[in-house]
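1. coords please:
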Amino acid sequence: MPAFPSDAYNYLCWRQKKEEGEHGCLGTQGSLENGDRFAITREGSERVRGDILVKYIFITGGVMSGLGKGITAASVGRILKNRGYGITAVKIDPYLNIDAGTMNPGQHGEVFVLSDGSEVDLDLGNYERFLDIDLSSAHNITTGKVYRTVIEKERRGDFLGETVQIIPHITDEIKSCIRAAAEMEIPGQKKADICLVEIGGTVGDIESMPFLEAVRQMRGELSLHDTVIIHVTLIPEDTMGDLKTKPTQHSVKALRELGLHADIIVGRSERTIGPHTKRKISAFCDLPQHSVISAATAPDIYQVPLELEKEGLGDVLSEHLGLEKRKADPSWYHLVSREYTERVSVGIVSKYGIEDVYLSIKEALKHAGRALSTEVRITWLDAERYDLRQLAEFDGVLVPGGFGKRGIEGKIDAIHWARTNRTPFLGLCLGFQMAVVEYSRHVLGWEDATSAEIGEGRHVIAILPEQYDITELGGTMRLGNSPITIKEGTLAMRVYGEREITERHRHRYEVNPRYIPDLEKAGLVFSGAFENRMEICEISDHPFFMATQFHPEFRSRPTRPSPPFVGFVKACCTRNGRRTR
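-> Numbers count the residues shown, from 1 in each chain. This next block holds a predicted model:
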């Protein structure tokens, strides 16, 4: 035998057999002497490159939507990251929209904005928060994106006269998108060892069929230990208190009809699934009992990875993927399990009335509270219906973003109350713009002050110049990361502790440059700016009055809470201490 490492020898053997028309050494992976990695797939394809080959975890859902596939996927990623593996994530949304930007948040939930300006599903926000990574547009695959790309290729003549069909052209494009996202560099992290792929919707939906077919093909192309399918299902409880497995059995049957076999089943239920139920699922769904994982509803989503870890999911995944059994780093679990020593209440004056629309704000308050050992209790106030006297019950008032004129006057009234009653206030995006309108009306005396988005009057908030000639709504706002310079000696400087920062944006309107001198002369401080564009406003003689044109909640993490939210919660604690003395 030549004096090569065994992996290299296997590779050379395979190449020789390939030349002889055989596919031997199926599933072999290893390293050559020059450090390149290779793998031999079921199709006999040869892949040699200088980085680690990515393994895939596909997460599907059954029975019904809204079970928590996104949290399950994020938790799986956190479990593996705690073991030292590089993780990336892909969300597949089967809708025909190109992205989530033009979707009604009241129906679809929050539109999350990535650093590159992509408007995506809220699950990508969960991935970023759990994994502490920055994703890109490539990590959100939609039916609209896939079909648009394939049709553009057909129009260019890329298919050379072929009849373009779902199989192979659409499924090939899906597989290409998944692989491209999996192999993409993640800022601040090495290339991923493992890629999570969440397929949105429910098994059996017409919309998701091409994506599940692409997964089936990838399973056939990759070696045995390169893929895992986790199927998330509902385990309902009947009136007698018994957990029922029949919906799971039918869901797994539907998955099998598509040529897919669940390696792991995660059962969602209100209480822990016992051995008897697990044994039944194991028998009817053809997988080992230890691969049936209980996922009972947790009081806090950040406790889900810990609960799944207790169920042995980390070891089961390591077994399926051929990973070495590593000890988990417990530091993240210690962080999210920190006990609260204080409690504050915050009133959020919103216009959509659904918590999922403001998911990142809720999580950012939680991150800030955890950093300060303070539980933040949130009350959602409808901007059109709340009673102004309710605001006296809270330690702080927050006015979030939104679009359109509905509820605007209620937001302005809340800002005026917080300013004049010296209650901690944080405004975000539209909240920033309305803080400027409120100040213009009640301090400068411009009663007709308003935003160009709202209607006629003195437009202290004007449309961005680059938006004048926009004809399409999708993906045309000012989006994503932008640098901001903070003034010395301001609240913003105390909050951030540095002069140059970067935050994410999603807006079409800005403070009208024409009125900035008058506003500043009247005492409104613009403490952060990008060139001549105002980004932060504050009031110097107030305990905490701060509003941002950007969305700091999109960059908040359990490990790195957003500075404006930390400052806001800290001010709420101070007010709470004074009130309870």
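2. mind listing the strands for the stretch 101-250 of the chain?
-> Secondary structure of the stretch 101-250 of the chain by DSSP state E, counting those that start in this stretch: the strands cover 112-113, 119-120, 140-142, 194-199, 227-234.
3. Give me the neighbour count for Arg406.
-> 13 (other Cβ atoms under 10 Å). Every C-beta, even on glycine, is put in place using the N, C-alpha and C of the backbone.
4. Now do it against Thr245, distance only.
-> 46 Å (Cβ to Cβ, to the nearest Å).
5. Provide a list of residues in contact with the residue nearest to the spatial centre of the chain.
-> Centroid check for the chain by Cα atoms, centre = their mean gives Gly125 as the closest residue, at 1.5 Å. Listed by Cβ atoms under 8 Å, 6 or more residues apart in numbering, the contact partners of Gly125 are 110, 112, 359-360, 363, 554.
6. picking that back up, most neighbours per residue, which of the strands of the stretch 101-250 of the chain?
-> Across the strands of the stretch 101-250 of the chain, the average number of neighbours (mean count of other Cβ atoms under 10 Å) peaks for strand 112-113, which reaches a mean of 26.
7. from the middle of its chain, how far away would the helix ranked longest in the chain be?
-> Among the segments of the chain that qualify as a helix by DSSP state H, the longest is helix 563-580. Chain-centre distance of helix 563-580: 27 Å, with Cα atoms, centre = their mean, to the nearest Å.
8. now for that helix, which elements pack on it?
-> Packing partners of helix 563-580 (3 or more Cβ pairs under 8 Å, 6 or more residues apart in numbering; DSSP states H and E): strand 342-350, helix 359-371, strand 374-382, strand 396-399, strand 425-428, helix 491-496, strand 545-548.
9. 7 Å - rerun?
-> Helices and strands touching helix 563-580, by 3 or more Cβ pairs under 7 Å, 6 or more residues apart in numbering; DSSP states H and E, are strand 342-350, helix 359-371, strand 374-382, strand 396-399, helix 491-496, strand 545-548.
10. Now mean pLDDT too, for these, in JSON lines please.
-> What follows is those, written out as JSON lines (pLDDT from 0 to 100):
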{"stretch": "strand 342-350", "mean pLDDT": "95"}
{"stretch": "helix 359-371", "mean pLDDT": "96"}
{"stretch": "strand 374-382", "mean pLDDT": "95"}
{"stretch": "strand 396-399", "mean pLDDT": "97"}
{"stretch": "helix 491-496", "mean pLDDT": "97"}
{"stretch": "strand 545-548", "mean pLDDT": "98"}
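11. Out of the ones you listed, which is closest to Pro563?
-> Pro563 sits nearest to helix 491-496 of all the helices and strands packed on helix 563-580, at 4.7 Å, using Cβ to Cβ.
12. helices or strands up against the closest one?
-> Packed against helix 491-496 by the contact rule (3+ Cβ pairs under 7 Å, 6+ apart) you find strand 478-486, strand 524-530, strand 533-539, helix 563-580.
13. pLDDT weak spots in the protein?
-> Scanning the chain for pLDDT under 70 picks out 1-52, 578-581.
14. Walk me through the domains of it.
-> When the chain is parsed with automatic domain parsing, its domains come out as 6-49, 55-104+130-142+179-334, 338-580.
15. Could you point out which of those sits nearest Arg156?
-> Closest to Arg156 of the domains of the chain, according to Cβ to Cβ: domain 55-104+130-142+179-334, at 18.8 Å.
16. Tell me how far that closest one lies from the chain's centre.
-> In terms of Cα atoms, centre = their mean, the centre of domain 55-104+130-142+179-334 is found 15 Å from the chain centre.
17. And that domain, end to end?
-> End-to-end distance for domain 55-104+130-142+179-334: 28 Å, by Cα to Cα, to the nearest Å.
18. circling back to that earlier point, determine which of the domains of the chain approaches Val150 most closely.
-> Proximity to Val150 (Cβ to Cβ) singles out domain 55-104+130-142+179-334 among the domains of the chain, at 10.6 Å.
19. ok, back up a step: the longest helix of the chain to strand 342-350, inter-axis angle?
-> Counting by axes from the mean of the first three to the mean of the last three Cα atoms, to 10 degrees, helix 563-580 points 120 degrees away from the direction of strand 342-350.
20. For helix 563-580, list every residue counted as buried.
-> Neighbour counts over helix 563-580 (16 or more other Cβ atoms under 10 Å) mark 563-573, 575-576 as buried.
21. Helices of the stretch 151-300 of the chain, start to end?
-> Along the stretch 151-300 of the chain, counting by DSSP state H, counting those that start in this stretch, helices occupy 171-182, 209-221, 246-257, 275-285.
22. okay, those in JSON lines with distance to Ile235 and mean neighbour count next?
-> Below are the helices of the stretch 151-300 of the chain laid out as JSON lines (distance: least, Cβ to Cβ, whole Å; neighbours: other Cβ atoms under 10 Å):
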{"stretch": "helix 171-182", "distance to Ile235": "29", "mean neighbour count": "19"}
{"stretch": "helix 209-221", "distance to Ile235": "22", "mean neighbour count": "20"}
{"stretch": "helix 246-257", "distance to Ile235": "6", "mean neighbour count": "18"}
{"stretch": "helix 275-285", "distance to Ile235": "7", "mean neighbour count": "17"}
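23. Name the helix or strand for Thr502, please.
-> In the assignment (DSSP states H and E), Thr502 maps to strand 500-507.
24. out of the strands of the stretch 101-250 of the chain, which comes closest to Leu524?
-> Leu524 sits nearest to strand 112-113 of all those, at 26.5 Å, using Cβ to Cβ.
25. strands paired with the closest one, and their directions?
-> Next to strand 112-113 in the sheet, as set by DSSP bridges, lie strand 119-120 (antiparallel).
26. where's the partner strand relative to the chain centroid, distance-wise?
-> Distance, centroid of strand 119-120 to centroid of chain: 9 Å (Cα atoms, centre = their mean).
27. Start the count at 403 instead of 1 going forward.
-> Renumbered: residue one is now 403, and that last one reads strand 521-522.
28. which residues make contact with it from outside it?
-> 501-503, 513-516, 542, 877, 881 (Cβ atoms under 7 Å, 6 or more residues apart in numbering).
29. at 6 Å instead, please
-> With Cβ atoms under 6 Å, 6 or more residues apart in numbering as the test, strand 521-522 has contacts from 501-503, 513-515, 542.
30. cool, stretch 624-642 as well?
-> Identification of contacts with stretch 624-642 by Cβ under 6 Å, 6+ apart yields 429, 443, 457-466, 469, 471, 474, 621, 645-646, 649-650, 653, 662, 664-671, 675, 722-724.
31. Between the two ends of that stretch, what distance do you get?
-> 45 Å.
32. Ok, stretch 765-785 next?
-> Stretch 765-785 has an end-to-end distance of 21 Å (criterion: Cα to Cα).
33. try stretch 850-857
-> End-to-end span of stretch 850-857 (Cα to Cα): 10 Å.
34. buried set for that stretch?
-> Judged by neighbour count using 16+ other Cβ under 10 Å, the buried positions of stretch 850-857 are 851-856.
35. from those residues, which is closest to Gly479?
-> Of the buried residues of stretch 850-857, the one sitting nearest to Gly479 (Cβ to Cβ) turns out to be Glu855, at 38.2 Å.
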